[in-house]
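S.K.: Sequence first, predicted coordinates after that:
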Amino acid sequence: MFRFFRNREIRRLTIGLLLLTMTAAGVAGLCLDWDAGAAAGLTGFLLSTAALLFTYRRYRRIDQLSAYLHRLSSGERRLDIRDNEEGELSILKNEIYKVTVLLAEYNDQLQKEKGRLADSLSDISHQLKTPLTSMTVMADLLSKSDLPAEKRREFTGRLRSQLERLQWLVASLLKIARLDAGVVVFKSDVFSVQKLVESAAAPLLIPLELKGLTLETDGPDITMEGDEGWLREALVNLMKNAMEHTPSGGMLRIFWTGNPLYTEIAVEDSGEGIPPEDLPHIFTRFYRGKNAGSDSVGIGLAMAREIVERQNGRITAQSRLGKGTCFRIRLYKTVV
């Protein structure tokens, strides 16, 4: 109680109520009689006491609210409803709880994002370090004057291959960074599915032929809506993944269908398949399964999923060991 009266506002309020009570009692005593003055003074005193008690109760509720806020900020996430009553302070208490929990969840999410960013930077550093180290070694070998011409051509070819890999890796990482930053604005154009598949397959026709793989495409003459350029990027990544895991003499098949709800494009191969324990993780960034090639960095499938899901789509994979894998891109149509 004494702490209550140390508040300057409370002292001013108390003095004001006492002055009003004394003034009312004096005026009533002078204008009427002393009994009326005494009654007015007693009434003023009772009203002042009631006002002070009401104010004391509100300040005590505010102190409790402050202590409750301190507990929430210290990590407590339990909503204390034992003393919740009707009134603006109870409403304020609930709103404080909501905001505090929301900020705590945002902070937890921020910490997770920082952890993922640190992991991504570590993975990127590792992926860049491998080709750079290889290129440094080959550059040292090429600098030797007594290196045979045949070896020089071999090392030059390897160096060029590593440069192409590094160029692709940097370009892919920049694309993923743009997607993560949300700066990519996907177009909403209508285009032919067949032309999309043909444009995605065009840069891979020579590598397919060199590896001895057959490519088949099949589907009706239909259109779909989306960003053709980014969808082409997703298809190219799926086809490259199929090429890497299909031995010579195998086949890649791309087929598509459509209905009033969605358009589906499937990329199927007759390769080695994906182990069941790896299948749930193949779309995870930088994940490399048991059958991953030595040049695989684990970002192609992750980028394909990001591109498809950002356009109201879904990408799935089905696989059987020794039988092959089938990736399906399904873009849902806008419902009006």
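M.R.: Perfect, thanks for sending it.

S.K.: Confirm V184 sits in a helix?
M.R.: No - assigned with DSSP: H, G, I helix; E, B strand; the rest coil, V184 falls outside any helix and is coil.

S.K.: dump the residue contacts of it.
M.R.: Neighbouring residues of V184 by CB atoms under 8 Å, 6 or more residues apart in numbering: R178, W230, R310. C-betas here are computed from N, CA, C, even on glycine.

S.K.: mind redoing it with 7 Å?
M.R.: R178 (CB atoms under 7 Å, 6 or more residues apart in numbering).

S.K.: Would you mind measuring from it to T284?
M.R.: V184 is 21 Å from T284, where distance means CB to CB, to the nearest Å.

S.K.: P247 too?
M.R.: P247 is 25 Å from T284, by CB to CB.

S.K.: same for the helix or strand harbouring R71, what does it pack against?
M.R.: Using DSSP states H and E, R71 sits in helix 34-73. When contacts are defined as 3 or more CB pairs under 7 Å, 6 or more residues apart in numbering; DSSP states H and E, helix 34-73 sits against helix 8-31, helix 88-142.

S.K.: if I pick R232, what's in contact with it?
M.R.: Counting by CB under 7 Å, 6+ apart, R232 makes contact with L196, S199, A200.

S.K.: Who wins on neighbours among these?
M.R.: A200 (22 neighbours; other CB atoms under 10 Å).

S.K.: Could you grab the helix/strand/coil label for that residue?
M.R.: Secondary structure state of A200, per three-state DSSP, is helix.

S.K.: quick one: it and E228, what's the gap?
M.R.: A200 is 10 Å from E228, by CB to CB.

S.K.: what does the helix or strand harbouring E216 rub up against?
M.R.: According to DSSP H and E, E216 maps onto strand 214-218. With contact meaning CB under 7 Å, 6+ apart, strand 214-218 is reached by V197, A201, L208, M251, L252, R253, I254, F255.

S.K.: would you list these in a markdown table and tack on pLDDT, neighbour count and secondary structure?
M.R.: Below are the contacts of strand 214-218 laid out as a markdown table (pLDDT from 0 to 100; neighbours: other CB atoms under 10 Å; DSSP: H, G, I helix; E, B strand; the rest coil):
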| residue | pLDDT | neighbour count | secondary structure |
| --- | --- | --- | --- |
| V197 | 94 | 23 | helix |
| A201 | 92 | 18 | helix |
| L208 | 89 | 18 | helix |
| M251 | 92 | 16 | strand |
| L252 | 94 | 23 | strand |
| R253 | 94 | 17 | strand |
| I254 | 95 | 25 | strand |
| F255 | 94 | 16 | strand |
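
S.K.: Out of those, flag the one nearest to L19.
M.R.: Checking the contacts of strand 214-218 against L19 with CB to CB, the nearest one is V197 at 90.0 Å.

S.K.: So for G87, what's the pLDDT?
M.R.: You'll see G87 listed with a pLDDT of 62.

S.K.: ugh, wrong one, I meant G313
M.R.: G313 is assigned a pLDDT of 93 by the prediction.

S.K.: Compute the number of surrounding residues for it.
M.R.: Neighbourhood size, G313 [other CB under 10 Å]: 21.

S.K.: Okay, M303 and A234: tell me how far apart.
M.R.: For M303 relative to A234 (CB to CB), the value is 7 Å.

S.K.: These two: which has the busier surroundings?
M.R.: A234 (26 against 20).

S.K.: Now do the contacts for that one.
M.R.: Contacts of A234 (CB under 7 Å, 6+ apart): A304, I307, V308, I329.

S.K.: what's the spacing between the last one and L46?
M.R.: Translated: I329. The gap separating I329 from L46 is 79 Å, by CB to CB.

S.K.: The two: which is more packed in?
M.R.: Ranked by neighbour count (other CB under 10 Å), I329 and L46 place I329 first, with 26 against 11.

S.K.: Run a quick check on that one versus I315, I expect a contact.
M.R.: Yes - using CB atoms under 7 Å, I329 is in contact with I315, at 5.3 Å.

S.K.: overlap in contacts of these two?
M.R.: Shared contacts of I329 and I315 (CB under 7 Å, 6+ apart): V308.

S.K.: can I assume S172 sits in a strand?
M.R.: No - applying three-state DSSP, one finds S172 to be helix, outside a strand.

S.K.: what sits against the residue nearest to it when sequence neighbours are not counted?
M.R.: Distances taken as CB to CB, 6 or more residues apart in numbering place I299 nearest to S172, at 5.4 Å, with adjacent residues excluded. Taking CB under 7 Å, 6+ apart, we find I299 in contact with S172, I176, R285, F286.

S.K.: Ok, V267 next?
M.R.: L235, L238, M239, A242, I254, F327.

S.K.: can we see that at 8 Å?
M.R.: L235, L238, M239, A242, L252, R253, I254, C326, F327, I329.

S.K.: what's the answer for A302, then?
M.R.: Listed by CB under 8 Å, 6+ apart, the contact set of A302 reads I176, F283, T284, R285, F286, Y287.

S.K.: Identify, from these, the entry nearest to N259.
M.R.: Looking across the contacts of A302 and measuring by CB to CB, the closest to N259 is F283, at 24.6 Å.
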